[in-house]
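1. Structure for the following, please:
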Amino acid sequence: MSSSAGPELDELYKDLILDHYRRPRNHRVVADPKVVGEGYNPLCGDEIAVEAHFEGGVLADVGFQGHGCSLSQASGSMMTEAVKGKTVEEARALIADFTRMMTDPDSPPAEDLGDLEAFVGVAKYPVRVKCATLAWHALADLLDRHEQAQES
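-> Numbers count the residues shown, from 1 in each chain. Okay, here's the model as predicted:
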């Protein structure tokens, strides 16, 4: 879906992002996290840490903490909802799809992004893309650390 789909859709997306900012899901410490990934945006000072508990290669529980603008916090909330219960490979695919949507506005968004498409309009504002992708970078860091721990 493109943000040019109409003002009603743009308003729906804006409301969804604001709802996740005001009432973030999974904004908490994860019990017995096996790994933590971190993200920091030096341009604005936004910080996010993503924690996860894995069971058999699946992100059984995911939470995030940190502070920042509405986009970074809403993205963290929506990201944790999207990846909870996913395998590492599925989570990496979501990272790639979300990042592509944010950095290549001419490419059609992946069909499985669901509510994450609310961020499609942000791609028009390169400075804001860093805010929307911060949690996803922290998740990628978390997955890298998880895989390194598995290799040790």
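
2. drop to CA atoms for contacts and neighbour counts, all remaining ones
-> Will do.

3. if you go through the protein in chain order, where are the helices?
-> For the chain, the helices defined by DSSP state H occupy 7-22, 70-83, 88-103, 126-151.

4. can you redo these as JSON lines with distance to residue 43?
-> Output for the helices of the chain, formatted as JSON lines (distance: least, CA to CA, whole Å):
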{"stretch": "helix 7-22", "distance to residue 43": "20"}
{"stretch": "helix 70-83", "distance to residue 43": "13"}
{"stretch": "helix 88-103", "distance to residue 43": "18"}
{"stretch": "helix 126-151", "distance to residue 43": "9"}
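
5. Most tightly packed of these?
-> Of all the helices of the chain, helix 70-83 has the most neighbours on average by mean count of other CA atoms under 10 Å, namely a mean of 24.

6. Off-centre distance for that one?
-> 5 Å (CA atoms, centre = their mean, to the nearest Å).

7. what does stretch 71-89 give?
-> 5 Å.

8. what is the mean pLDDT for that stretch?
-> In this model, stretch 71-89 has a mean pLDDT of 97.

9. Output the below-cut-off pLDDT ranges for this structure.
-> 1-9, 109 (pLDDT under 70).

10. Can you name the residues that contact the residue sitting nearest the centre point of it?
-> Nearest residue to the geometric centre of the chain (CA atoms, centre = their mean): residue 79, 3.4 Å. Neighbouring residues of residue 79 by CA atoms under 8 Å, 6 or more residues apart in numbering: 116, 135-136.

11. how near is residue 58 to residue 97?
-> Computed as CA to CA, to the nearest Å, the residue 58 to residue 97 distance reads 19 Å.

12. Over to residue 43?
-> As judged by CA to CA, residue 43 and residue 97 stand 24 Å apart.

13. Residue 39 now?
-> Counting by CA to CA, the gap from residue 39 to residue 97 is 19 Å.
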